[in-house]
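Asks: based on what follows, work out the 3D shape:
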Amino acid sequence: MQNKERYLTISQIDATIVKGPHQKELEDIGRKIAPLIRDINLIKIKNILSEDLGGIVENIGLDEDWSITLEFFPEVKIHISYFFYGDEFGDIESDLKILFSGKHVSWVPGEDLATYIDIFIDFLKRRIKNYEPVNQKYDKKSDLLLKVFKQRKSIFKLLEDKDIIELKSFLDAEVMKNSSQWRIKKEIFPEINIVILYSIRDEKLDISYYGKNLKNMESYHIELIAIFIINHILRFITIKNQEKKLPNICYMMFSRLFSKEKGWDYRNI
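Replies: Residues are numbered from 1 along each chain as shown. Below is the predicted model of the structure:
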């Protein structure tokens, strides 16, 4: 049990006083998935996590029946807690609550967190029902991804040889560099890998995917997670270069909570 863990809501990360759109999005996800989870044996969920999704089932001390804990990145944890309230009044009541913890969780904006959870829940639902992905165009790049490449590629120039070990730990990824490129490989789910390449000479970004379980994932979803990894690399670069005047895109990678703590005027970035 993680008694000393500090848990945040997505509204706290968004630094909103009232319930924001990401909090409402997570509540909608909870309402939709709770009935499906209620009817599934916990052993089956544990098997799906082990084989397809990663994460662990544990109790985090909220009087929940159980929780799924995911590591989005090191020190960026997501806790999906399931509560079953019984059916003594004739209505079966259950609920999901989603909280966050970790030293770096407040760095990540609510949009990235909520979208990642939506991807995870969709993946879990399809594995429970044994449905195949609709889209499996892993060799195609969307306009969104190409736009991300264009916006973020120049920031990668700030990576240095001395960053390799620390970046590897920050991402929980394999990081390699030679005279021509950086190569960053991260296993995002069991047997599903994303490779991010940055060409030093051409100053270009590219990605590829591979793995035994790749076929189980929507191609658009894996592309979004690739963008989240690129975003997290920009967070690393920004924190390592705080003394420099950086492009606005760097500061846009952070949550409102973290921006306010750093004194960055997030309203103007």
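Asks: do you know how far residue 208 is from residue 194?
Replies: According to C-beta to C-beta, to the nearest Å, residue 208 and residue 194 sit 8 Å apart. In short, each C-beta sits where N, CA and C put it, glycine included.
Asks: between the two, point out the one with more neighbours.
Replies: Legend: neighbour count by other C-beta atoms under 10 Å for residue 208 and residue 194, higher for residue 194 (23 against 13).
Asks: is that one in a helix, a strand, or coil?
Replies: Assigned with DSSP: H, G, I helix; E, B strand; the rest coil, residue 194 falls in the strand class.
Asks: you'd agree it is up against residue 183?
Replies: No: at 11.4 Å, residue 194 does not count as touching residue 183 under the criterion of C-beta atoms under 8 Å.
Asks: mind listing the shared neighbours of those two?
Replies: Residues touching both residue 194 and residue 183 (C-beta atoms under 8 Å, 6 or more residues apart in numbering): there are none.
Asks: circling back to that earlier point, now do the shared contacts for residue 208 and residue 194.
Replies: Counting by C-beta under 8 Å, 6+ apart, nothing touches both residue 208 and residue 194.
Asks: report how many residues lie close to residue 150.
Replies: Each residue near residue 150 was counted by other C-beta under 10 Å, and the total is 11.
Asks: ok, now how distant is it from residue 228?
Replies: The gap separating residue 150 from residue 228 is 17 Å, by C-beta to C-beta.
Asks: excluding its backbone neighbours, what's nearest residue 250?
Replies: residue 238 (4.3 Å; C-beta to C-beta, 6 or more residues apart in numbering).
Asks: isn't there a helix covering the one you found?
Replies: Yes: checked against three-state DSSP, residue 238 lies within a helix.
Asks: residue 163 reaches residue 233, doesn't it?
Replies: No: with contact defined as C-beta under 8 Å, residue 163 does not reach residue 233; the gap is 9.9 Å.
Asks: which of those two has more neighbours?
Replies: When residue 163 and residue 233 are compared for neighbours, residue 233 comes out ahead with 25 against 18, by other C-beta under 10 Å.
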